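Asker: Sequence first, then the predicted structure, then my questions.
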Amino acid sequence: MIKHVFATMNEMLDDIMIHYSNANAEQKEQLTQQLAVLKQFSDAFIEEWLQFEEKMADFRDMQHPLGEAGHSGEGQVEAGTKPGVLYPAAPAATGLASLEAAADFGSAASECSAYTDEQRELAMVKGQGYFKLFMFRDAAQYFREAVKYAPEDNLARMFLAMTCMHLQEWHEAQRHFQLLVELTDHPRWRALGYNALGCIQAVRMNLEQAEHYFLKAHETDPDFTEPLSNLQSCQQHEGQLSLFFGSGQL
């Protein structure tokens, strides 16, 4: 999986390097944004690797105290060591320890619940990592896991629905966004849901229904500007529509 991610990052960087010199101002801005995402992930990988190495060094100190010859553990970095956390801000891998603690203090049901929560959190972290790299097919896999573990998690459903939009899986995206606008109390999330439902109707050329959703999105959250841009595109369209899903809000 690590090789796959780095291969994709290298491909994206190669593409940026090839096209940047001949790009116009708007294209250069988009390429610069992609480069910033790659830099963010590169920095996060390095930080997580260093933290992992520090933890490994601490464990080596526990195994081989300072009094033992040749095993002080101080300043040791093993060549070829791979980072233990693939994505930034990933939760610590304490699943076994958590389950053992639950066995001592809780019931089997609480053990299962704790394990499920950890699986959901890890799936969300991985899904968001792929989402930021525009690897939507991989992101969808993890967001579906997160929704499976916690169907009531509106944020997971939001990310899954938006990922489906980018994959042009309109039917599944519509199903999740319809659930979201009914379940969430968050105005911006509801507005994102209405805006996405409007985009889906616009893609299907149901422009009257699309305009209805865009107006509802604007009424729900007037500070969210994309619905008005989409509404104007529907009202003035000549040929291809220009639509904003709102994924930049996530």
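Answerer: Cool, the structure landed. If you're wondering where the values come from, they're calculated on a predicted model, not measured in any experiment.
Asker: Flag the shaky bits of the protein, pLDDT-wise.
Answerer: 1-5, 43, 45-54, 56-58, 60-115, 238-239 (pLDDT under 70).
Asker: any chance you could map the helices in it?
Answerer: For the chain, the helices defined by DSSP state H cover 2-19, 25-63, 95-105, 108-132, 136-149, 154-166, 170-183, 187-203, 207-220, 226-236.
Asker: mind checking how far the nearest residue to Gln249 once chain neighbours are set aside is from Gln27?
Answerer: Using C-beta to C-beta, 6 or more residues apart in numbering and skipping the chain neighbours, the partner closest in space to Gln249 is Leu192 (6.0 Å). For the C-beta atoms, the positions are set from N, CA and C on the backbone; glycine is no exception. Remark: distance between Leu192 and Gln27 (C-beta to C-beta, to the nearest Å) = 27 Å.
Asker: Between the two, which is the more surrounded one?
Answerer: Leu192 (29 against 12; other C-beta atoms under 10 Å).
Asker: what does stretch 231-244 contact?
Answerer: Here stretch 231-244 makes contact (C-beta atoms under 8 Å, 6 or more residues apart in numbering) with 195, 198-199, 202-203, 207, 210-211, 214-215, 218, 226, 229-230.
Asker: out of those residues, which are buried?
Answerer: 195, 198-199, 202, 207, 210-211, 214, 218, 226, 230 (16 or more other C-beta atoms under 10 Å).
Asker: Look at the closest residue in space to Phe224 that isn't next to it in sequence and say how many residues are nearby.
Answerer: In space, and not counting its chain neighbours, Phe224 is closest to Ala191: 4.7 Å by C-beta to C-beta, 6+ apart. Here the number of neighbours of Ala191 (other C-beta under 10 Å) works out to 25.
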